[in-house]
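Undergrad: 3D, please:
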Amino acid sequence: MIPGDATRAALLDGLQTIGLDQAEASDAARLLGGADPPEGQTANQILTDSATTAQLRVLAAGFRTWAGQAAAYPAHTDIAPRFPGGATRIGCVGAAPCAEARATAWLRYLAVSPDGRHVYGSARDSGAVVVLARDPTSGLLTQPDGPAGCVADSAALPSGCATTPGLVSPAGLGMAPDGTSLYVAANGSDAVVTFSRDPTSGSLVPVGCVADARAAVTGCLSAPGLADPNGVAVTPDGGHLYVASLQGTISVFARSANGALAPTQCLADPASVPPGCVAAPGLNGAAAVAVTPDGRQVYVVARESSAVVALSRDPASGALTWLGCWSGDSGARQDLACAPARGLAFVQEVIVSPDGRHVYASGTDAHTIAVFARLAGGKLEQFVGRGGCVHDADYAGGTGCQQVVGIALPNGLAAAPDGDTVYAAAFGFGTLSAFARDPVGGAMAPVDTCQTASTDGDPRCADAGPIRGAGDVVVSPDGRHLYLAAPRDGTITAFSLSVQSCLPPTGQ
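TA: Next up, the predicted model:
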């Protein structure tokens, strides 16, 4: 919303009461963007509202670092400051110089088990899924020996891995909420492979697969619309699986108690509708999918449509109904079937906040993360001003967005379990950035110093070792650790999280 004079005046009063002088408060208030409190609230009402007060305290706690941060970027004096807290690197596994792990060539996507005991990664060039045990105290990862440590496509045969058909160029991973099944989308096989998971050892046993009706994968069930599957998501109730495929489809599967899949529906971009699918705009290059915590809506992002698509979900059947789509980067690259948006160019990842109030999408070619409010019924609304997007200040565009550094070509997104922090991995310079999230408005404020790759990284960020081409990012269920995939280095890097300390104690 666009804040009025009364709201702005009350906000300034609130920031001054927290501890900023008038000039500092005026500048800090601009960072809240669409997260301003309701029109007409008094300063006292703002300060007694816990959500608003938390955001104000984040601003006040780190605002006086602004001058030092801005001095480092003389060409971008409007860059947002970074606040205390963030992620600290603790180690890595994969290719040298990290602790050794097998079958990690171009490891791009990650999943963490609901019990937090294991992390899984898909390595495109190895044609494999790797299994890693997680130490819940230290957060470090280790790969089990022998076949328990990885499963590879039958034709790939990386040393010592178990094998199964249908895993050529594996991509997105989806874990069942009870941790009993893992689903892997494989671009090169036009298939989704189902694995049964041992909760103790974390080992994976292939138990079935579904493949595109035009593919030929031995032993797989046939399903329409699975050409180039890339993103997968299991519903919170465990009843259904959704698959986003780069050829422009979203496929629906019913999931049985043992994890087996049965195709029930397929929606496709009107540019190319395969047999057995029906047309739905905005899906060209569908790359990732996310389900809301209440299971009522599904959101898909599409690279070629540069869009976010909203779909209503029937909880019983899993059937999807198209609600709308939002596309483009301030008029550029817009799919004309969709409403206009900012920061959406070649969109690759989407997440829903844990409270279900906001949707975040990474516009890779726009160097932007777009922020949307989830409205009643599931449609989306992008906030005006800075609350609606954050943009890498080193690149043109991003008009009206909050300007930051460290998100060149953003890829993976993840939210902390409590929803207070959003993490972004960026391919461009191999960077990881953390953002404090306003739970009311969804706006993002940068936290601490961004992390970057030792080689070809951003010199303004902290050295985080071999994280070139940062891809996916996941947070452990206990919120203590974060894991970052770096496909160019073939590694997974572990970070400890200290974001909980970014807010001053109440009353200070």
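
Undergrad: For the rest of this, base every contact and every neighbour count on C-alpha atoms.
TA: OK.

Undergrad: For this structure, give me the ranges with low pLDDT.
TA: Counting by pLDDT under 70, the chain shows low-confidence ranges at 1-85, 157, 499-508.

Undergrad: Check it and tell me which residue is nearest its centre.
TA: L413 (2.2 Å; CA atoms, centre = their mean).

Undergrad: can you tell me how far that residue sits from A464?
TA: Using CA to CA, to the nearest Å, one gets 18 Å for the distance from L413 to A464.

Undergrad: all strands for the stretch 51-200 of the chain, in order.
TA: 87-94, 99-100, 107-112, 118-123, 128-134, 141-142, 150-153, 162-164, 170-175, 181-186, 191-197 (DSSP state E, counting those that start in this stretch).

Undergrad: Tell me the strands beside the fourth one, with direction?
TA: Based on DSSP bridges, the pairing partners of strand 118-123 within the sheet are strand 107-112 (antiparallel), strand 128-134 (antiparallel).

Undergrad: what's the spacing between that strand and its chain's center?
TA: Taking CA atoms, centre = their mean, to the nearest Å, one finds strand 118-123 lying 16 Å from the centre of the chain it belongs to.

Undergrad: tilt between that strand and strand 181-186?
TA: Angle of strand 118-123 versus strand 181-186, following axes from the mean of the first three to the mean of the last three CA atoms, to 10 degrees, is 10 degrees.

Undergrad: ok, and what's touching strand 118-123?
TA: 103-113, 128-134, 141, 169-173, 202, 485, 487, 490 (CA atoms under 8 Å, 6 or more residues apart in numbering).

Undergrad: Same check on the last one?
TA: Applying CA under 8 Å, 6+ apart, the external contacts of strand 191-197 come out as 166-167, 179-186, 203-212, 217, 226-229, 259-260.

Undergrad: Next: the second one.
TA: Outside strand 99-100, the residues that touch it by CA under 8 Å, 6+ apart are C92, V93, G94.

Undergrad: what separates the last one from L497, distance-wise?
TA: Translated: G94. 21 Å.

Undergrad: Of the two, give the one with the bigger neighbour count.
TA: Each of G94 and L497 has its neighbours counted (other CA atoms under 10 Å); G94 has more, 26 against 18.

Undergrad: from memory the more buried one sits against R488, does it?
TA: No: judged on CA atoms under 8 Å, G94 makes no contact with R488 at a distance of 11.3 Å.

Undergrad: returning to that earlier point: for the contacts of strand 99-100, which one is nearest A453?
TA: Lowest distance from A453 to the contacts of strand 99-100 (CA to CA) belongs to C92, with 12.4 Å.

Undergrad: What are the neighbouring residues in contact with the residue lying closest to that closest one once chain neighbours are set aside?
TA: Excluding its sequence neighbours, the residue lying closest to C92 (CA to CA, 6 or more residues apart in numbering) is T493, at 4.1 Å. Applying CA under 8 Å, 6+ apart to T493 gives the contacts R89, I90, G91, C92, V93, P466, I467, Y483, L484, A485, A486.

Undergrad: What's the PyMOL line that selects buried ones from the residues you listed?
TA: In PyMOL, this line selects whichever of the contacts of T493 come out buried by 16 or more other CA atoms under 10 Å:
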select buried, resi 89+91+92+93+466+467+483+484+485+486
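
Undergrad: Identify, from the contacts of T493, the entry nearest to G385.
TA: L484 (30.0 Å).

Undergrad: Nearest residue to that closest one in space, please, no chain neighbours.
TA: V473 (4.6 Å).

Undergrad: For G172, see how far away that neighbour is.
TA: V473 is 12 Å from G172, by CA to CA.

Undergrad: Give the intersection of the neighbour lists for these two.
TA: Overlap between the neighbourhoods of V473 and G172 consists of Y109, L110, taking contacts as CA under 8 Å, 6+ apart.

Undergrad: okay, the contacts of strand 99-100 in JSON lines with distance to T364 next?
TA: What follows is the contacts of strand 99-100, written out as JSON lines (distance: CA to CA, whole Å):
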{"residue": "C92", "distance to T364": "25"}
{"residue": "V93", "distance to T364": "26"}
{"residue": "G94", "distance to T364": "25"}
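
Undergrad: Of the residues you listed, which is the nearest to R460?
TA: Nearest member of the contacts of strand 99-100 to R460, counting by CA to CA, is C92, at 21.7 Å.

Undergrad: isn't that closest one right next to T491, touching?
TA: Yes: judged on CA under 8 Å, C92 makes contact with T491 at a distance of 6.7 Å.

Undergrad: any chance you could map the helices in the stretch 251-400 of the chain?
TA: Counting by DSSP state H, counting those that start in this stretch, the stretch 251-400 of the chain has no helices at all.

Undergrad: Outline the domain layout of this protein.
TA: 5-63, 87-502 (automatic domain parsing).

Undergrad: any idea which of those is most buried?
TA: domain 87-502 (a mean of 23; mean count of other CA atoms under 10 Å).

Undergrad: what bridges to the residue lying closest to C277 once chain neighbours are set aside?
TA: Leaving out its chain neighbours, the residue that sits closest to C277 by CA to CA, 6+ apart is C266, at 4.6 Å. On the basis of DSSP bridges, C266 takes part in beta bridges with S251.

Undergrad: C266: what's it in contact with?
TA: Counting by CA under 8 Å, 6+ apart, C266 has contacts P224, G225, T249, I250, S251, V252, G276, C277, V278.

Undergrad: The third one touches A287, doesn't it?
TA: No: checked against CA under 8 Å, the pair T249 and A287 is beyond contact range at 9.2 Å.

Undergrad: related to what we said a few turns ago, just give me the closest of the contacts of strand 99-100 to V440.
TA: Nearest to V440 among these: C92, at 35.3 Å, using CA to CA.

Undergrad: Give me the distance between that closest one and S433.
TA: Taking CA to CA, one finds C92 at 18 Å from S433.

Undergrad: my guess is the residue nearest to L484 meets L482, correct?
TA: Yes: between V473 and L482 a contact is recorded at 7.1 Å, counting by CA under 8 Å.

Undergrad: and for those two, which residues touch both?
TA: In terms of CA under 8 Å, 6+ apart, V473 and L482 are not both contacted by any residue.

Undergrad: Would you mind giving the contacts of T493 as JSON lines with distance to S353 added?
TA: Converted to JSON lines, the contacts of T493 look like this (distance: CA to CA, whole Å):
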{"residue": "R89", "distance to S353": "24"}
{"residue": "I90", "distance to S353": "26"}
{"residue": "G91", "distance to S353": "27"}
{"residue": "C92", "distance to S353": "27"}
{"residue": "V93", "distance to S353": "29"}
{"residue": "P466", "distance to S353": "29"}
{"residue": "I467", "distance to S353": "25"}
{"residue": "Y483", "distance to S353": "18"}
{"residue": "L484", "distance to S353": "19"}
{"residue": "A485", "distance to S353": "21"}
{"residue": "A486", "distance to S353": "24"}
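
Undergrad: Check the contacts of T493 against P439 and report the nearest one.
TA: Distances from P439 to these, taken by CA to CA, are shortest for Y483, at 23.5 Å.

Undergrad: how close does the closest one sit to T180?
TA: Y483 is 21 Å from T180, by CA to CA.

Undergrad: what do you get for L409?
TA: 34 Å.

Undergrad: same question, A485
TA: 23 Å.

Undergrad: And for A105?
TA: Distance, A105 to T180, using CA to CA: 26 Å.

Undergrad: What residues are bridge-paired with the nearest residue to A101 once chain neighbours are set aside?
TA: Distances taken as CA to CA, 6+ apart place G94 nearest to A101, at 4.4 Å, with adjacent residues excluded. Beta bridges link G94 to E100, T491, judged by DSSP bridges.

Undergrad: All good on my end, thank you.
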